[in-house]
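Q: what would the 3D arrangement of this be:
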Amino acid sequence: TGNFAICTDENAVIGISSNVAGATYTWNVVATNGIQGAVGGTGTEINQTLINNSNQVGTVTYTVTPYNGNCQGTPKTVVVTVYPKPTIIATPTQEAVCSGNQTNISLSSNVANTTYSWTVIANGVTGALPGSGSQIQQTLNAVGFVGTVEYIITPTVNGCVGDPTSVLVTVTPTPEIFANSNPPAICSESFTGISLSASIPGTTFEWTVVENGVEGAFAGTGSEINQQLFTTGNSQGTAIYIVTPYSNGCAGNPITIRVRVNPLPLSRLKDGYICFDPITNTVISSYELTSGLSAASHTFVWSLDGVVIPGATAATYTAEQGGEYTLQVTNNNTNCTAIQTVFVSESYPAVSATYALTNYFESAQTITISVVGDGDYIYQLDDFAPQKSNVFNNVLPGTHTVTITDEQGCTYIVIENITTMQYPNFFTPNGDGINDTWNIWSLSNQQNALIYIYDRHGKLIKQISPRGQGWDGTINGTELPSTDYWFSVEYLE
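A: You can find the predicted model right below:
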């Protein structure tokens, strides 16, 4: 028998024969790389189980010597090559992938040049195929819920087959999200109310958001997006939610949900007043409530103190009594409704007004106005700027007019012919045309006013009228000396 090769744990069988009948045989062995099971012996057959526990090829050399009686024949050598059995190393030994993803299993062995082949047992998974190679890279898809694939891998080297090993791959389905990606538009100040669901129990959801002309939207997690959104302008805004489902660590395909937000109709009502006469119980002037919105595209409902006003459906309403007015306005195109409440107060006009003048004949005189009524009044002297104070200081001599109104437009009283008086302290009757006469000119509008002029002894020198030319410093045509003189005046205040 010639040289031959076996795998570890197999029997080396060598038949021995000779051309001489009755010959006997003995053999001895030389083993390399720690081959076990090879022993010397006698007989006509070598039948030994050889074991190679290393990862290298070993040999056993049998040297057989024939004998015929005491005569020794020529020895013959047989070399048996013993191949080791490959041991497979699979990395990882278990793997979990999401449906639609690829496995990544690396195969190696303790024996060089080992090849690998595998079979599969798939449960609820598609894409698993038998094959060969040093890596298992296959795209697996779960059918329904969680599935598994068992790869049974067998190593082979030099025709020797090693023990198979198994790698279990768990395939988790990617969740599919169910939601309305284009829900109906909502009105500003409303909640989104978006429900999220999936076919796989236990699926969770995460979302991000992009705002455009709205506020109130924010990223989050949960099975419902229920956020109150507000428009930031007078046109439609959007909140775009990007929602991703997750199940057992696997992310499904995200979906985009576009929420459109319509603005509320913006009315421009303001608080106001009506003028009411409590004596006659009649309205002096009404107050027009103006929404500032188009009647062609809006619907209006007016209420007073919580009660709908019959027939009040216009864009404006004329208030003729005080109270709390509410406007409910609906945009006919978006069906968005807004409510605004304002207050209309009853204001009463002043009944009358009088004035008092102080600091007569002083250079800085004061006019004080007294009004009979209950209101916030505004006072104006002549054409000067109106003021809230009822006192006018530093009034120049002359005839003045004071006009009294109120902030609600209910009062309008005019006091005319208020006279502030001042007299000249001196005059120079020298005929130069400047200060040649003396008079109290500020009384010139009083026809019956009289002025009496006295010397220092109290003697009446002259009686004049403020409407006349004044006193020229003479008595009966004779010039009087330059000195102090006194006067008294009779006039109507």
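Q: bridging residues for I464?
A: I451 (DSSP bridges).
Q: and the gap between it and L492?
A: 17 Å (Cβ to Cβ, to the nearest Å). Placement of C-beta: from N, CA and C, glycine included.
Q: same check, this time on T221
A: The gap separating T221 from L492 is 89 Å, by Cβ to Cβ.
Q: also C336?
A: For C336, the distance to L492 under the criterion Cβ to Cβ works out to 68 Å.
Q: with T330 instead?
A: For T330, the distance to L492 equals 66 Å [Cβ to Cβ].
Q: if you count surrounding residues, which of these two has more?
A: It is T330, of T330 and L492, that has more neighbours when counted by other Cβ atoms under 10 Å, with 17 against 10.
Q: isn't that one right next to A295, touching?
A: No. Using Cβ atoms under 8 Å, T330 is not in contact with A295; the gap is 11.9 Å.
Q: so where's the protein uncertain?
A: Low-confidence segments of the chain, defined by pLDDT under 70: 1, 493.
Q: find the nearest non-adjacent residue to T299, please.
A: With Cβ to Cβ, 6 or more residues apart in numbering as the measure, T330 is the residue that lies nearest to T299, at 4.5 Å, once sequence neighbours are left out.
Q: quick one: contacts for the one you found?
A: Taking Cβ atoms under 8 Å, 6 or more residues apart in numbering as the definition of contact, the neighbours of T330 are 265, 298-299, 336-337.
Q: and it, how close does it get to V214?
A: In this structure, T330 and V214 are 21 Å apart, going by Cβ to Cβ.
Q: tally of neighbours for the nearest residue to V20 once chain neighbours are set aside?
A: Nearest residue to V20, sequence neighbours excluded (Cβ to Cβ, 6+ apart): N68, at 4.9 Å. One way to gauge burial is a neighbour count; for N68, by other Cβ under 10 Å, it gives 13.
Q: for T419, same thing?
A: The tally of other residues near T419 (other Cβ under 10 Å) stands at 20.
Q: helix or strand: which one has it?
A: Assigned by DSSP states H and E, T419 belongs to strand 412-420.
Q: that strand: how far from the chain's middle?
A: Centroid separation for strand 412-420 versus its chain: 61 Å, with Cα atoms, centre = their mean, to the nearest Å.
Q: now do it: which elements does it pack against?
A: For strand 412-420, the packing partners by 3 or more Cβ pairs under 8 Å, 6 or more residues apart in numbering; DSSP states H and E come out as strand 352-358, strand 365-372, strand 398-406.
Q: apply 6 Å and report the result again.
A: If contacts are counted by 3 or more Cβ pairs under 6 Å, 6 or more residues apart in numbering; DSSP states H and E, strand 412-420 sits against strand 352-358, strand 398-406.
Q: can you tell me the closest non-neighbouring residue to P84?
A: N52 (4.6 Å).
Q: ok, the one you found touching T8?
A: Yes. Taking contact to mean Cβ atoms under 6 Å, the distance of 4.0 Å between N52 and T8 places them in contact.
Q: between the two, which contacts overlap?
A: Common neighbours of N52 and T8 (criterion: Cβ atoms under 6 Å, 6 or more residues apart in numbering): 82, 84.
Q: between those two, tell me which one has more neighbours.
A: Between N52 and T8, counted using other Cβ under 10 Å, N52 has the larger neighbour count: 28 against 19.
Q: part of a helix, is S442?
A: Yes. With DSSP: H, G, I helix; E, B strand; the rest coil as the criterion, S442 is located in a helix.
Q: list the contacts of it.
A: Listed by Cβ under 6 Å, 6+ apart, the contact set of S442 reads 397-398, 421.
Q: so which of the residues you listed wins on neighbours?
A: Neighbours here are counted as other Cβ under 10 Å. On that basis the top member of these is M421, with 21 neighbours.
Q: what's the closest non-adjacent residue to that one?
A: What sits nearest to M421 in space, not counting adjacent residues and going by Cβ to Cβ, 6+ apart, is S442, at 4.5 Å.
Q: mind listing what the strand holding T419 pairs with, with the direction of each?
A: With DSSP bridges as the criterion, the sheet partners recorded for strand 412-420 are strand 398-406 (antiparallel).
Q: pull out the buried positions in the partner strand.
A: Burial within strand 398-406, assessed by neighbour count using 16 or more other Cβ atoms under 10 Å, is assigned to 400, 402-406.
Q: and for stretch 278-286?
A: Residues of stretch 278-286 classed as buried under the neighbour-count rule (16+ other Cβ under 10 Å) are 283, 286.
Q: on that earlier part again, tell me which of the helices and strands packed on strand 412-420 sits nearest to F392.
A: The closest approach between F392 and any of those, judged by Cβ to Cβ, belongs to strand 398-406 at 7.5 Å.
Q: how about residues contacting the closest one?
A: Defining contact as Cβ under 6 Å, 6+ apart, one finds that strand 398-406 is touched by 353, 369, 375-382, 411-419, 442, 445.
Q: Serialize the helices and strands packed on strand 412-420 to a markdown table and add fields for distance to A122.
A: As requested, the helices and strands packed on strand 412-420 are exported to a markdown table (distance: least, Cβ to Cβ, whole Å):
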| stretch | distance to A122 |
| --- | --- |
| strand 352-358 | 103 |
| strand 398-406 | 92 |
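Q: quick one: which of these is nearest P386?
A: Closest to P386 of the helices and strands packed on strand 412-420 is strand 398-406 (Cβ to Cβ; 7.7 Å).
Q: just the C-alpha atoms of that closest one, please, in PDB.
A: Taking Å, rounded to 0.1, in the frame of the first residue of the first chain, the C-alpha atoms of strand 398-406 are listed here in PDB:
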ATOM      1  CA  GLY A 398     -58.400 141.800  27.800                       C
ATOM      2  CA  THR A 399     -61.600 140.000  27.000                       C
ATOM      3  CA  HIS A 400     -61.400 136.200  26.900                       C
ATOM      4  CA  THR A 401     -63.400 133.200  26.000                       C
ATOM      5  CA  VAL A 402     -63.200 129.800  27.700                       C
ATOM      6  CA  THR A 403     -64.600 126.700  26.000                       C
ATOM      7  CA  ILE A 404     -65.400 123.600  28.100                       C
ATOM      8  CA  THR A 405     -65.700 120.100  26.600                       C
ATOM      9  CA  ASP A 406     -65.200 116.500  27.900                       C
END
